[in-house]
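**Student:** Below are the sequence and a predicted model for it; my questions follow.
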Amino acid sequence: MAATHDHGHTPAAWTGVIISFVGFCAAGAFMVAARPVGFWVSLGVILLGAVVGGVMKIMGFGAKMPRDIAAAHEKAAEAEAERDESRTPANAA
């Protein structure tokens, strides 16, 4: 099963995690150094990592849908379209 799923091994996941990790490390350093402004900026970097990863996923750098699931989605969409076409105003639910 692991061979059919990416489990986060994508450019979007790696980029988001690396950015968040850098922010986490910087936040820890600023906390120890008693620099609250740097700490809060680092927390913003952590959130930025999530945003960058999400945007990259939307751009197509995330995990791809497995073929069998994509085929099932396509088949279901075709069945839905066929069902909608067969409705007439007299028998529409």
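**Tutor:** Arrived safely. Residues are numbered from 1 along each chain as shown.
**Student:** In this protein, where is pLDDT below threshold?
**Tutor:** In the predicted model, the chain carries pLDDT under 70 at residues 1-8, 65, 85-93.
**Student:** all helices for it, in order.
**Tutor:** Under the criterion DSSP state H, the chain contains helices at 11-32, 36-56, 67-86.
**Student:** Give me the angle between the first one and helix 36-56.
**Tutor:** Translated: helix 11-32. Counting by axes from the mean of the first three to the mean of the last three Cα atoms, to 10 degrees, helix 11-32 lies at 170 degrees to helix 36-56.
**Student:** ok, now the shortest one?
**Tutor:** Counting by the same axes, to 10 degrees, helix 67-86 lies at 60 degrees to helix 36-56.
**Student:** Kindly format the C-alpha coordinates of helix 67-86 as PDB.
**Tutor:** What follows is helix 67-86, C-alpha atoms only, in PDB (Å, rounded to 0.1, in the frame of the first residue of the first chain):
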ATOM      1  CA  ARG A  67      -5.200   5.800 -10.700                       C
ATOM      2  CA  ASP A  68      -7.800   3.500  -9.200                       C
ATOM      3  CA  ILE A  69      -9.400   6.300  -7.200                       C
ATOM      4  CA  ALA A  70      -9.200   8.700 -10.100                       C
ATOM      5  CA  ALA A  71     -11.000   6.100 -12.300                       C
ATOM      6  CA  ALA A  72     -13.700   5.600  -9.600                       C
ATOM      7  CA  HIS A  73     -14.200   9.400  -9.400                       C
ATOM      8  CA  GLU A  74     -14.500   9.600 -13.200                       C
ATOM      9  CA  LYS A  75     -17.000   6.600 -13.300                       C
ATOM     10  CA  ALA A  76     -19.100   8.200 -10.500                       C
ATOM     11  CA  ALA A  77     -19.100  11.600 -12.400                       C
ATOM     12  CA  GLU A  78     -20.300   9.900 -15.600                       C
ATOM     13  CA  ALA A  79     -23.000   8.000 -13.700                       C
ATOM     14  CA  GLU A  80     -24.200  11.300 -12.100                       C
ATOM     15  CA  ALA A  81     -24.200  13.100 -15.500                       C
ATOM     16  CA  GLU A  82     -26.200  10.200 -17.000                       C
ATOM     17  CA  ARG A  83     -28.700  10.200 -14.200                       C
ATOM     18  CA  ASP A  84     -29.100  14.000 -14.500                       C
ATOM     19  CA  GLU A  85     -29.700  13.700 -18.200                       C
ATOM     20  CA  SER A  86     -32.400  11.100 -17.800                       C
END
